[in-house]
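Undergrad: Give the three-dimensional model of this entry:
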Amino acid sequence: MKIKKTTIYKSLLTIITFISLSSCSKNDDSTPVTANIAVPVVYSKIYGATSITSDGTFITIKTNGTPDHKSAYYPATSTLYEAYNGTTFGGNTFAKNPNVIASQSFTFKIPLNPAVASNHAATPLGAIGVALNGVALYNQYAGPNNLALTTEIASFDKYYGHPTGTSQYHYHVEPLYLTTVKATKSALLGFLLDGFPVYGPQEENGTVVTSSNLDVYHGHNHATVDFPNGSYHYHFTADAPYLNGNGYYGIAGTVTQ
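TA: This is a model prediction of the structure:
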């Protein structure tokens with residue numbers, strides 16, 4: 001008895017289809033699975049983020065970088081614009097720079113489990129971390145070749161921040177809005193790119209922190225309300241280097257725009 005080729009082809013097609021459907025119905029290793037990895041609760045304090053996610057290795061924080069407080073650097077048409085004169089950080093008479101605040105598109109990727117670096121990388125110009133309100137944190141220099149910050153301190157607004165020529169608002173020193181309005185001078189204020197937290201210029205018992213109390217990276221290790229088992233952390237101080245000293249204490253993540 002002869003079997004038509006078309007019959008064989010139809011039978012093979014039926015078998016292949018059945019095998020494919022059966023394979024698709026199985027929840028085996030060949031099926032891609034997207035895991036929902038929980039973000040540690042402490043990161044919920046970054047209220048200025050547009051999103052915060054974790055892949056199990058990095059915490060990814062996205063922000064628009066604009067402050068939620070008034071500033072003389074907002075365009076005059078903004079509801080957050082506020083003319084300012086008087087004294088700013090360090091008792092300097094305010095001297096406005098020519099720049100304005102505009103929305104950014106930051107993506108900060110910081111280690112979920114921060115680790116001490118064997119070689120402590122120097123912090124670059126630009127964003128080295130993120131504050132709770134989504135604003136970028138900068139290091140102690142005003143420009144290339146370690147230009148002293150004293151050259152531009154007078155341009156800090158009433159909350160001690162200012163924008164760059166690319167309209168990127170940032171803090172080099174204590175973010176006064178966070179330490180006096182949204183939180184306290186001993187509170188968690190943000191994270192640097194190495195994943196280690198940043199605190200205000202006081203300890204939780206009210207003791208004022210100075211650079212002499214800290215190591216060369218401008219931090220130390222002890223328990224806090226947020227990290228009761230202890231953690232290395234940075235502090236803002238009123239004296240230089242204000243936030244960070246000789247580089248990142250840990251292995252830094254990345255920031256992109």
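Undergrad: quick one: contacts for Thr184?
TA: Gly200, Gln202 (Cβ atoms under 8 Å, 6 or more residues apart in numbering). All C-beta spots, glycine's among them, are computed from the backbone N, C-alpha and C.
Undergrad: do you know how far the nearest residue to Glu82 once chain neighbours are set aside is from Tyr199?
TA: Of all residues not flanking Glu82 in the chain, Lys70 sits nearest, at 3.8 Å (Cβ to Cβ, 6 or more residues apart in numbering). Distance of Lys70 to Tyr199, given as Cβ to Cβ, to the nearest Å: 25 Å.
Undergrad: Neighbour count: those two, which is higher?
TA: Tyr199 (23 against 18; other Cβ atoms under 10 Å).
Undergrad: which residues touch the more buried one?
TA: Applying Cβ under 8 Å, 6+ apart, the residues contacting Tyr199 are Ser186, Ala187, Leu188, Leu189, Thr224, His233, Tyr234, His235, Phe236.
Undergrad: Look up the pLDDT of it for me, please.
TA: Looking at Tyr199, its pLDDT is 98.
Undergrad: Please report how far it lies from Ala72.
TA: 27 Å.
Undergrad: likewise Tyr160?
TA: For Tyr160, the distance to Ala72 - Cβ to Cβ - is 12 Å.
Undergrad: circling back: could I get the contacts of Tyr199 as a markdown table with secondary structure, pLDDT and neighbour count?
TA: Formatted as a markdown table, the contacts of Tyr199 follow (DSSP: H, G, I helix; E, B strand; the rest coil; pLDDT from 0 to 100; neighbours: other Cβ atoms under 10 Å):
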| residue | secondary structure | pLDDT | neighbour count |
| --- | --- | --- | --- |
| Ser186 | coil | 98 | 21 |
| Ala187 | coil | 98 | 18 |
| Leu188 | strand | 98 | 21 |
| Leu189 | strand | 98 | 30 |
| Thr224 | coil | 98 | 17 |
| His233 | strand | 98 | 23 |
| Tyr234 | strand | 98 | 27 |
| His235 | strand | 98 | 25 |
| Phe236 | coil | 98 | 27 |
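Undergrad: Where does the prediction get shaky in the protein?
TA: Along the chain, the model assigns pLDDT under 70 to residues 1-36.
Undergrad: would you list every one of the strands in it?
TA: For the chain, applying DSSP state E gives strands covering 49-54, 58-63, 106-111, 129-131, 136-137, 141-143, 147-148, 161-163, 169-171, 188-192, 197-199, 219-222, 231-235, 254-256.
Undergrad: can you tell me how far the closest residue to Asn92 other than its chain neighbours sits from Phe89?
TA: Distance criterion Cβ to Cβ, 6+ apart; nearest residue to Asn92, sequence neighbours excluded, is Ala154 at 4.1 Å. In this view, Ala154 and Phe89 are 8 Å apart by Cβ to Cβ.
Undergrad: same question, Thr256
TA: Thr256 is 29 Å from Phe89, by Cβ to Cβ.
Undergrad: How many residues are close by the residue nearest to Asn92?
TA: Ala154: 18 neighbours (other Cβ under 10 Å).
Undergrad: Can you give me every residue that contacts it?
TA: Thr88, Asn92, Thr93, Phe94, Ala95.
Undergrad: Ranking by neighbours, what's the top pick from those?
TA: Thr88 (22 neighbours).
Undergrad: I'd guessed it sits against His162; true?
TA: No - using Cβ atoms under 8 Å, Thr88 makes no contact with His162, being 9.3 Å away.
Undergrad: anything in contact with each of these two?
TA: Ser155, Phe156.
Undergrad: quick one, what contacts the residue nearest to Ile251 when sequence neighbours are not counted?
TA: What sits nearest to Ile251 in space, not counting adjacent residues and going by Cβ to Cβ, 6+ apart, is Ala117, at 4.8 Å. Ala117 is in contact with Asp194, Tyr248, Tyr249, Gly250, Ile251, Ala252, counting by Cβ under 8 Å, 6+ apart.
Undergrad: Also Gly129?
TA: Applying Cβ under 8 Å, 6+ apart, the residues near Gly129 are Phe108, Ala136, Leu137, Gly190, Phe191, Leu192, Leu193, Val198.
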